[in-house]
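Asks: Have a look at this prediction, sequence included:
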Amino acid sequence: MYILLKTDKPNNIEIKNGGKQAHYFYAENLEEAKIYINELKDTEDKEYWENSYYQANPKLEYCKEFNNYLKNTVLETNKLSKSEMEEIASEFLYWNHIKPNSTPKISIGITKTPVSTLGNFREYWENLVSIIDKYTQTKHNIKPYEFKDNTFNPVEELGLNFPFNSNSCYYLSHCGALNKRFYKLLYYFDFLDIKIHSLRLKNFWRFYKKTMSVYAIGINNFTLNELCIIPKPDEISIKNRITHCTYDNEYYCDGIKVPQWLYATDKDDLKISLFNKLTNADLRSIFIKKAGIEKFIKKGEIIDSWENYPENEWWAKSEYKLIDMRKILVGRIQKSMWSKRNIKIEYYDYAPFLFMKNQTTGEYHLEGVSPNCRDLYDAIKMRYKGLDLPSYEIQDIK
């Protein structure tokens, strides 16, 4: 067994060579490594453990370099013309053994339906993984390939939100810059420089790397007669933890289509008066994210606060407040759905919202509650669908 240690002082680690190989584990230090060993000793024979050894991992900084490369790749804008994407599509069909006379329709753009490959890549993946396995068995400081190990996921690290189902790109579409399996192969062959000697595998690998210039390419899971390509956006950036991207002069914030003015306006220039022009709940949510929730809180009137309940640590951690936002939710004119007349919509003279901190992400939220809520107890009870809250305690907040 090998324990790969993350340490700044690898020279202080005792390395014992020899012995049979088994699972690989990662540990921050020697103490953590010993915990792994103690947990597994009961299931292995004595001779095995006498022949186990520690091995420092010299590639940790290189992994960071690779992760940075992936982040930059995911944040690249589209550089391909339509004809260049169609050429990649033709290669995709070739490697899937689909004949030209049965070529499905090619669709380029955002799709709301899952896409997948047809499964004919498996033989190539298995051969490539076999090469990695042979290499890592002779290079003990290199982590072996594990199918379920999704080490590289720059999308989650960056907190990106796309206007398409990115999960289908991770797990179903095995071509494109969002494919986790691709990241692993790329790491071994292009960053650790493992050689591919088979000419056919080399050609497949060249094709596979071309697909990194798009987000995903695959067959529509429902129709099976449409080849879908999701290109990289024309523009992409992360501002105040919100994903901004454009496709064909359409604007998206965190995957939601928004008007150009909301997309382009900076945080400081978003006035509350602009908020009232929005009637769609998703657009209002994006506006609050972009403008900053503190801008809205200043306009509200605090009705009740966690500070009034010092004995309740959960409420303090979540920083619960009940805030009346009636000054922001002013009346507006809206066209009637049933006639050509305009109708005036007036809000209640009391508009309570529950303000809270998400203890997992650290983000703050405002959620509308019933006008019947006059204190935190009522508001939180409503949020938890009538849950009885004896002594104002909530035990399931994490």
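Replies: Here it is on my side, so go on.
Asks: which intervals of this structure have sub-threshold pLDDT?
Replies: In the prediction, the chain carries residues with pLDDT under 70 at positions 1-62, 100-103, 118-119, 139-141, 143, 146-152, 171-173, 329-348, 385-398.
Asks: Would you mind splitting it into its domains for me?
Replies: Split into domains by automatic domain parsing, the chain comes to 2-57, 62-231, 292-392.
Asks: I'd like the distance from the longest one to the chain centre, please.
Replies: Spelled out, it's domain 62-231. Taking C-alpha atoms, centre = their mean, to the nearest Å, the mean C-alpha location of domain 62-231 is offset from the chain mean by 17 Å.
Asks: next one: the last one
Replies: Distance of domain 292-392 from the chain centroid (C-alpha atoms, centre = their mean) equals 28 Å.
Asks: And the helices in the stretch 251-398 of the chain, which stretches?
Replies: 260-264, 272-275, 281-291, 293-297, 313-318, 376-383 (DSSP state H, counting those that start in this stretch).
Asks: Among the ones you listed, show me which one is buried the most.
Replies: helix 376-383 (a mean of 20; mean count of other C-beta atoms under 10 Å). Backbone N, C-alpha and C define where each C-beta goes, glycine included.
Asks: Let me know the distance separating the residue nearest to Leu224 when sequence neighbours are not counted from Asn221.
Replies: Counting by C-beta to C-beta, 6 or more residues apart in numbering, Leu224 lies nearest to Pro104, which is 7.6 Å off, once chain neighbours are set aside. Look at Pro104 and Asn221: by C-beta to C-beta, to the nearest Å, they are 12 Å apart.
Asks: try Leu366
Replies: Distance from Leu366 to Asn221, by C-beta to C-beta: 37 Å.
Asks: end to end, how far does stretch 262-278 reach?
Replies: 10 Å (C-alpha to C-alpha, to the nearest Å).
Asks: Which residues does it contact?
Replies: 240, 244, 246, 251-253, 261, 283-284, 286-288, 290-292, 295-296, 299, 328-330, 332 (C-beta atoms under 8 Å, 6 or more residues apart in numbering).
Asks: ok, and the residue lying closest to Thr117 once chain neighbours are set aside, which helix or strand is that part of?
Replies: The shortest distance from Thr117 to any non-neighbouring residue, by C-beta to C-beta, 6+ apart, is to His174 (4.8 Å). Per DSSP states H and E, His174 falls between elements, in no helix or strand.
Asks: check contacts around His174.
Replies: By C-beta under 8 Å, 6+ apart, the neighbours of His174 are Ser116, Thr117, Phe121, Trp125, Arg181, Phe182, Gly218.
Asks: out of those, which are inside strands?
Replies: Ser116, Gly218 (DSSP state E).
Asks: Including neighbour count, could the contacts of His174 go into a markdown table?
Replies: What follows is the contacts of His174, written out as a markdown table (neighbours: other C-beta atoms under 10 Å):
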| residue | neighbour count |
| --- | --- |
| Ser116 | 17 |
| Thr117 | 18 |
| Phe121 | 18 |
| Trp125 | 16 |
| Arg181 | 17 |
| Phe182 | 21 |
| Gly218 | 27 |
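Asks: any chance of the contacts of His174 in JSON lines, plus distance to Asn308?
Replies: Listed next are the contacts of His174 as JSON lines, based on distance: C-beta to C-beta, whole Å:
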{"residue": "Ser116", "distance to Asn308": "54"}
{"residue": "Thr117", "distance to Asn308": "58"}
{"residue": "Phe121", "distance to Asn308": "61"}
{"residue": "Trp125", "distance to Asn308": "60"}
{"residue": "Arg181", "distance to Asn308": "53"}
{"residue": "Phe182", "distance to Asn308": "54"}
{"residue": "Gly218", "distance to Asn308": "55"}
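Asks: If anything else comes up later, I'll come back, but that's it for now.
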